[in-house]
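> sequence and computational prediction follow.
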Amino acid sequence: AESQGTIRKKVGPPSKVLPGSWLCEPVLWAQWYHRGQLTSTSTSFLMCLDSAKFIDLALETGGPTYQFLFMFGILYVGMMERLCSEGSVVTDRGIEAQHMHDLADRASKFLAVSASSSAFMGKGKEGCGNFRLELEEMPLSSTT
C-alpha cells in the first residue's frame, strides 16, 4: 500500500496502517473472526488473498513448502494464543513484522533439524491430508 489508513477498534484509539503493512493474516492460520473496522483517510490500494485457495495450494504443493507453512502456522497460532492469555487484544493487524521473521526463522530451523527424520510429516503430498482440518480446529481464545 502506498498510503496509510486507520483501523478503528472498540478497544482503544484508532491505529495507523502504514505503507507495506498487511491485515487479516490470522485467517490463513486459524479460524478467525475479523475484529475492528477498516477505513481510509486517502486513496489506498487493497490486495486480497483467498485463504481457502492459499490452503488448497499449500496442500497441492506439498513437500518442503507445505512443511514450512504447516510449522509456521502452528507457531503463529501459538504466539497469538500466548498474546491473548497475557491479556493482549489480538486484532486483524496480526503480529508485528519482527515476530513474523522470528517465527519464520524458528520454523526453518525446526525443519532443518527434522529433515533427518524420514517420519516427519510424511513425504510430499501424502503427509498433507490434515492441514485444513488441524488449522481450522484451532480456534483462538479471545478477550474482547
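Right, received. Where do you want to start? None of the values given here were measured: they were computed from a predicted structure.
> now do the buried residues in the helix or strand Met80 falls within.
Here Met80 sits within helix 63-85, counting by DSSP states H and E. Residues 66-77, 79-81, 83-84 are the ones in helix 63-85 that count as buried (16 or more other CB atoms under 10 Å). In short, each C-beta sits where N, CA and C put it, glycine included.
> now stretch 27-42
Applying a neighbour-count criterion of 16+ other CB under 10 Å, one finds 27-30, 32, 35-36 buried in stretch 27-42.
> got the CA coordinates for the following helix or strand past the helix holding Met80 in CSV?
Downstream of helix 63-85, the next assigned helix or strand under DSSP H and E is helix 97-114. Provided in CSV are the C-alpha atoms of helix 97-114 (Å, rounded to 0.1, in the frame of the first residue of the first chain):
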residue,chain,number,x,y,z
ALA,A,97,6.8,-7.9,11.5
GLN,A,98,9.8,-8.8,13.7
HIS,A,99,7.7,-11.6,15.4
MET,A,100,6.8,-12.8,11.9
HIS,A,101,10.5,-13.0,11.0
ASP,A,102,11.3,-14.8,14.2
LEU,A,103,8.5,-17.3,13.6
ALA,A,104,9.8,-17.9,10.1
ASP,A,105,13.3,-18.4,11.4
ARG,A,106,12.1,-20.9,14.1
ALA,A,107,10.1,-22.8,11.5
SER,A,108,13.1,-23.1,9.2
LYS,A,109,15.4,-24.2,12.0
PHE,A,110,12.9,-26.8,13.2
LEU,A,111,12.5,-28.2,9.7
ALA,A,112,16.3,-28.3,9.2
VAL,A,113,16.7,-30.3,12.4
SER,A,114,13.7,-32.5,11.5
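> contact partners of helix 97-114?
64, 67-68, 71-72, 75-76, 79, 94-95, 120-121 (CB atoms under 8 Å, 6 or more residues apart in numbering).
> and the angle for that helix with helix 63-85?
130 degrees (axes from the mean of the first three to the mean of the last three CA atoms, to 10 degrees).
> so how far is helix 97-114 off the chain centroid?
Chain-centre distance of helix 97-114: 13 Å, with CA atoms, centre = their mean, to the nearest Å.
> what of stretch 68-75?
9 Å.
> that's all I had, so thanks and see you.
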